[in-house]
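Asker: what follows is a predicted structure for the sequence shown.
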Amino acid sequence: MTLQHILFLAFCVGISVILGSPVPVYKDCGSKGAKINSIDITPCATEPCQLVKGRNVSVILGFTTNKQITKVSADVHAILAGIRVPYPLQNPDGCKDSGLTCPIAGGGTFNYTSSLLVAKTYPSIKLVVEWEVKDQDGDVIWCFQVPAQVGG
């Protein structure tokens with residue numbers, strides 16, 4: 001290996017450290033009222049996301065709307081072997097304490113924030129987390145799925 005190759009590899013490693021952890025791969029599962037611009041799930045540095053029992057998981061989702069929205073309601077499901085199991089949120093009202101102020105203008109860019117507690121009683125298992133937000137008409141604003149592992 002030449003000195004140039006070594007310097008290039010060192011540069012790439014340095015850039016990857018500066019840019020931080022890899023972003024988890026998510027699947028859009030039916031976003032209609034908005035385009036998802038970014039998703040930050042903390043902690044989630046690897047895939048599947050490691051959900052630690054007794055700890056909170058926070059989500060910040062950046063999106064751009066394509067219509068006016070007057071009501072926002074969130075639903076989270078754990079998908080196990082193809083079966084959707086409801087996951088209770090402490091605050092399903094997306095217009096309160098979520099970084100959003102309703103009504104939401106069409107064509108605007110916004111950040112939705114929320115968190116959920118991974119209960120100590122949950123089994124250690126692999127699953128898919130589905131987070132869906134609907135508008136005043138029950139139409140899906142945005143929806144994403146991310147693979148996860150409950151443990152610890």
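Answerer: Done, it's in.
Asker: quick check: pLDDT value at the closest residue to residue 32 other than its chain neighbours.
Answerer: The shortest distance from residue 32 to any residue other than its chain neighbours is 5.1 Å, reached at residue 140 (Cβ to Cβ, 6 or more residues apart in numbering). Just so you know, the C-beta spots here come from the backbone N, C-alpha and C atoms, and that holds for glycine as well. What the model reports as pLDDT for residue 140 is 97.
Asker: repeat that for residue 7.
Answerer: 27.
Asker: got it, and the one 4 residues further on?
Answerer: We note a pLDDT of 31 for residue 11 in this prediction.
Asker: and the one 5 residues further on, by the same measure?
Answerer: In this model, residue 16 is scored at 31, pLDDT.
Asker: where along the protein do the strands fall?
Answerer: Assigned by DSSP state E, the strands in the chain fall at 27-28, 34-42, 49-52, 56-65, 73-80, 83-87, 109-117, 126-134, 140-151.
Asker: to residue 101, which of these lies closest?
Answerer: Checking the strands of the chain against residue 101 by Cβ to Cβ gives strand 109-117 as the closest, at 9.0 Å.
Asker: so who does the residue nearest to residue 32 touch?
Answerer: Contacts for residue 140 were tallied using Cβ atoms under 8 Å, 6 or more residues apart in numbering; they are 30-33, 132-134.
Asker: and it, how close does it get to residue 149?
Answerer: Residue 140 sits 26 Å away from residue 149, taking Cβ to Cβ, to the nearest Å as the criterion.
Asker: quick one: low-confidence ranges for this protein?
Answerer: Within the chain, the ranges that satisfy pLDDT under 70 run 1-24.
Asker: can you rerun that using 90?
Answerer: 1-25, 88, 90, 152 (pLDDT under 90).
Asker: related to what we said a few turns ago, residue 95: which of the strands of the chain is closest?
Answerer: When the strands of the chain are compared for distance to residue 95 using Cβ to Cβ, the nearest one is strand 73-80, at 8.7 Å.
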